[in-house]
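Undergrad: return a 3D structure for these sequence lines:
(2 chains)
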Amino acid sequence: MKPFSRRTMLRGMLGGAAVSVGLPPLEAMFNCSGTAYAAGGGLPLRFGLFFWGNGNLPERWTPTGEGSGSDWALSEQLMPLASVKDLITVVSGMSLHTDNIYPHTSGAAGVLTGCNLLAYEDGREDGTFAVPSIDQLIAGHIGGDTIYRSLETGVLPGTDGKSYNGPNNQNPPELSPHAFYERIFGASFREPGEEGIVDPTLALRRSVLDAVMDDINKLDARVGTADKARLDQHFTGVRELELRLARLQEDPPNLEACMRPDEPALEFPEVEGRHPIRDIHRAMADLLVMALACDQTRVVSQWFSDPLNNKLFPDATMGHHSLTHDEPGEQVQVNMVTQFIMGEFAYFVEQLSLVPEGEETLLDHMLLLATSEHGRGQTHSFQEMPLVLAGGACGAIRQGIHHRSYTGDNASQVMLSIVRAMGISAASFGVDAGEVTDGLSEIEA
Amino acid sequence: MQRTPLLFLLAMIACGKPVPSEEVDAALDRAEPDVELPSPSLRRLTRSQYDNAIGELLGDGLVLPSNLEPDQTTDGLLAIGASLTTISPRGVEQYEASAFELMGQALADESKADDLIPCVPEDTVDDACAEAALEAFGLRAWRRPLDDDELSALVGIAADSSVVLGDFTGGLHYAFSAVLQSPNFLFRVELGDGGQFTDYEMASRLSFLLWNSIPDAELLEAASAGELLEDSGLQAQAERLMADSRFEQGIRAFFTDTWTLYELDELTKDPTVFTHMSPEVGPSAREESLLGVLDNVITENGDYRDLFTSTRTFIDRKLASIYSVRAPVREGFGETTLDASHGRRGFLGQVSFLAMESHPVSSSATLRGQFVREVLLCQYIPPPPSDVDTSIPEPSASAATLRERVAVHLEDPFCATCHEMTDPIGLGFEQFDGLGHFRTLEAGATIDPSGELDGKGFHDAWDLTSRIASHERLGPCLVRTALGYASGHSVTDGEETSVDYLSEGFAYMDHNIQFLLMDLVMSDAFRMAGDIE
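TA: Numbers count the residues shown, from 1 in each chain, chains lettered A, B, ... in the order given. Next up, the predicted model:
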């Protein structure tokens, strides 16, 4: 696409008051009827994952009623999503059909890959994902045209996330909003209307990467099978970086809501002696929204907290994991923590829904999945898995509905519906007991 | 009470004590059983190895990267995870940025630049001078001489970059950065040749084991001369490395990995419950444990088992407040002797273990017991089964203490199979709260610190630590861990003979860790390579 001669001024809701300027209509680039991309082929859909650890309390999670509109009502734990109820899709009663061997880790693999965990020799650690997690599965198809194939962020300290490219190969999330800002919106970032980077050192960096790829290939000839797979992954990373450097020289896409966001603070002060979870989440979510709005990437994952994390949430008297197991009775605090997390998910959904893209919004053009590795954390349950979608992916997924399974259907069905909604023609999702070949037709439009 | 300032302490550590050489030589010389080794694997440099290697290559004083690919733990060790993990796309980006940043810092420093470029360029492009610089740097960074193709590729990058930038050193910046992004730097390429590791591979294996870093020039020269393939040359270099101050770095890395002390970076404690809690507690507690280890291994050159029974320890003001003793020194760490009446002694009486294996608001008999079983005795506890309620009762009048509350674990046969392996050990440490502070009461009730290990009762933590120190699995478990750490893989069936062999030697030499490391270095398990598969 040729650059516009003037800088786009329409900044949408994120930029405050909207200012309309006399530029050619930009909705052409992103709209659900696909008119703009008719020539280029394919709509740029986006995928987001919002993952938290330790599950939920199903009896306080499941909405009442089913269907659409006023036929169903949000539950106590989902109440923070009231303002976006029409934009979300709640699926309850689904279960994981994979093996539940290692508490938490097996569940994370089960929900995000539909495949059993690959165990290590002596079992002291829980093993690794055997296949890519859903975010990377999708990125493998739709991540190739942007500067970043995918972006991973996290909120709680020490979060490792569960974004896997393959066995023993994780994409560690960025935990510092400032570092994340520097990476995406630092010196190499160009706003719409600016020209690409003219910098001869980019070519020099690429020649260095060429030499690194030669080294990898040479080494590849000497190593065993397992090491070949590892070197292939290294090679892929180097090649992707090289492509990224090439793209920096192109003019940036002209997107109406894209602007360089404010630089976040270097440090976030603790809140009442605790990690400022909400502040960091919102700073990170804002940056992710803008990274999507600027088409720096089409796949993001926000690892709010890890499976098994025992972090102290606001007003909780025990770590989250301890609470799920040891809090007696109705687990008032577990409920409070889950509501807190859903409140933050709601914030993310709202921000995405405020970004205009043509006559629609960024959220309309994507699918955001919120999930966790267990249903009830206390029993490491694979039943009643929490699954909430938002965005609908240009109408591929029905919004504003609650669908409930009464037969513990395989959660992989939801994943397959998601993958297909992203325009990927997948025959199945998952492996062995976790495998399905049909999506969940009730949520598909 | 003896008080040793930190500087003096470090000087003592650097000196070390001489090893009685005839006794060692006789012990090293015993007959070794056959060993079957698995296919060698590439090992990605760990975070600390990357930093240490940069220190060796570029000297002190650089700002090291804070954001690099994290380590992976597998079968209890980062050293094993390094053989399985790879480099993610994000990691590639970070290693690239780090290479340019570090080389930029080094070349901006006149004396460092002079060390890196051992010639005066005659023009903007000077291939001969660039080649001299890259040949020397490449040898150190890749731990082996570069072949002609590798060298000419790097010289080409330097020349092209020099032309574009109009600057010789600027061009070299790109070529040096290429060296640091190469898999030949980021991975340890020790693949063997004809059933044994090559001379240069042995240099790396030795330096990473004993220094947690790359070989120095002298070790590379020994490799070049073929000395490391001979018993006498290998032993001489191992002795030199163990007498060097960098041996401290190697011992720190081994015990940080073995005892999972890196977890102390993420210590989460509720400050309203633990009033001594602050962000410094985790790092201070780790330093206490590591100073104890260095004292045992290097200064005293003593018995591994003493690490569990010594009442001498090295603490700072923060830890002194948790132990309720006077701080031995105003700044840093000093030696002190803890109050035996609390039953506190050895590593298992330290804040590091006690706080790490606890919850944010409370202690945990299960986690503490599990650590003893898995880390110290190499007995693995299966994960809890799924779909069971794992909660324990809330504190109440009838069940005030953790002992009374976890009793359900031991009464229910479903839970007891595993929990009887852990909880009766962990209950022995119950007089130390979730941060390691001494207490006699919990919720108003008196804490009973008695328990049971392998069917035999003990009275309290003091009694328990003697039992652990004299446990028959303690020595062989350290041997097994050391072998996994040195080889980068979990001990395979074909290597069990080596575990037995090294365990006998370790026991015979009074559990001396320096001897164990030397015995390991000289063993087939360290020098022979399996076929590549």
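Undergrad: where do the strands sit along chain A?
TA: A:46-51, A:67-68, A:88-92, A:151-154, A:164-166, A:169-170, A:299-303, A:356-357, A:360-361, A:366-371, A:387-390, A:401-404 (DSSP state E).
Undergrad: reformat those strands as TSV; add mean neighbour count and distance to chain B.
TA: In short, each C-beta sits where N, CA and C put it, glycine included. As requested, the strands of chain A are exported to TSV (neighbours: other C-beta atoms under 10 Å in any protein chain shown; distance: least, C-beta to the nearest C-beta, whole Å):
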stretch	mean neighbour count	distance to chain B
strand A:46-51	27	16
strand A:67-68	14	30
strand A:88-92	24	18
strand A:151-154	27	7
strand A:164-166	23	6
strand A:169-170	26	5
strand A:299-303	27	12
strand A:356-357	22	27
strand A:360-361	18	29
strand A:366-371	25	18
strand A:387-390	24	19
strand A:401-404	22	21
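Undergrad: take these and lay them out in CSV including mean pLDDT.
TA: CSV is the format used below for those (pLDDT from 0 to 100):
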stretch, mean pLDDT
strand A:46-51, 98
strand A:67-68, 96
strand A:88-92, 98
strand A:151-154, 98
strand A:164-166, 95
strand A:169-170, 94
strand A:299-303, 98
strand A:356-357, 92
strand A:360-361, 93
strand A:366-371, 98
strand A:387-390, 98
strand A:401-404, 98
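Undergrad: and these: which comes nearest B:Glu266?
TA: Proximity to B:Glu266 (C-beta to C-beta) singles out strand A:151-154 among the strands of chain A, at 12.7 Å.
Undergrad: quick one: the helices in the stretch 401-533 of chain B, in order.
TA: Assigned by DSSP state H, counting those that start in this stretch, the stretch 401-533 of chain B shows helices spanning B:402-411, B:413-426, B:461-469, B:474-487, B:496-508, B:513-521, B:524-527.
Undergrad: got the ones you listed as JSON lines, with mean neighbour count, mean pLDDT and distance to B:Gln379 columns?
TA: Formatted as JSON lines, the helices of the stretch 401-533 of chain B follow (neighbours: other C-beta atoms under 10 Å in any protein chain shown; pLDDT from 0 to 100; distance: least, C-beta to C-beta, whole Å):
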{"stretch": "helix B:402-411", "mean neighbour count": "18", "mean pLDDT": "87", "distance to B:Gln379": "17"}
{"stretch": "helix B:413-426", "mean neighbour count": "19", "mean pLDDT": "91", "distance to B:Gln379": "7"}
{"stretch": "helix B:461-469", "mean neighbour count": "21", "mean pLDDT": "97", "distance to B:Gln379": "12"}
{"stretch": "helix B:474-487", "mean neighbour count": "23", "mean pLDDT": "98", "distance to B:Gln379": "8"}
{"stretch": "helix B:496-508", "mean neighbour count": "19", "mean pLDDT": "97", "distance to B:Gln379": "14"}
{"stretch": "helix B:513-521", "mean neighbour count": "23", "mean pLDDT": "98", "distance to B:Gln379": "20"}
{"stretch": "helix B:524-527", "mean neighbour count": "21", "mean pLDDT": "98", "distance to B:Gln379": "22"}
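Undergrad: so can I have JSON lines of the ones you listed showing distance to chain A?
TA: Formatted as JSON lines, the helices of the stretch 401-533 of chain B follow (distance: least, C-beta to the nearest C-beta, whole Å):
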{"stretch": "helix B:402-411", "distance to chain A": "9"}
{"stretch": "helix B:413-426", "distance to chain A": "12"}
{"stretch": "helix B:461-469", "distance to chain A": "19"}
{"stretch": "helix B:474-487", "distance to chain A": "10"}
{"stretch": "helix B:496-508", "distance to chain A": "13"}
{"stretch": "helix B:513-521", "distance to chain A": "20"}
{"stretch": "helix B:524-527", "distance to chain A": "17"}
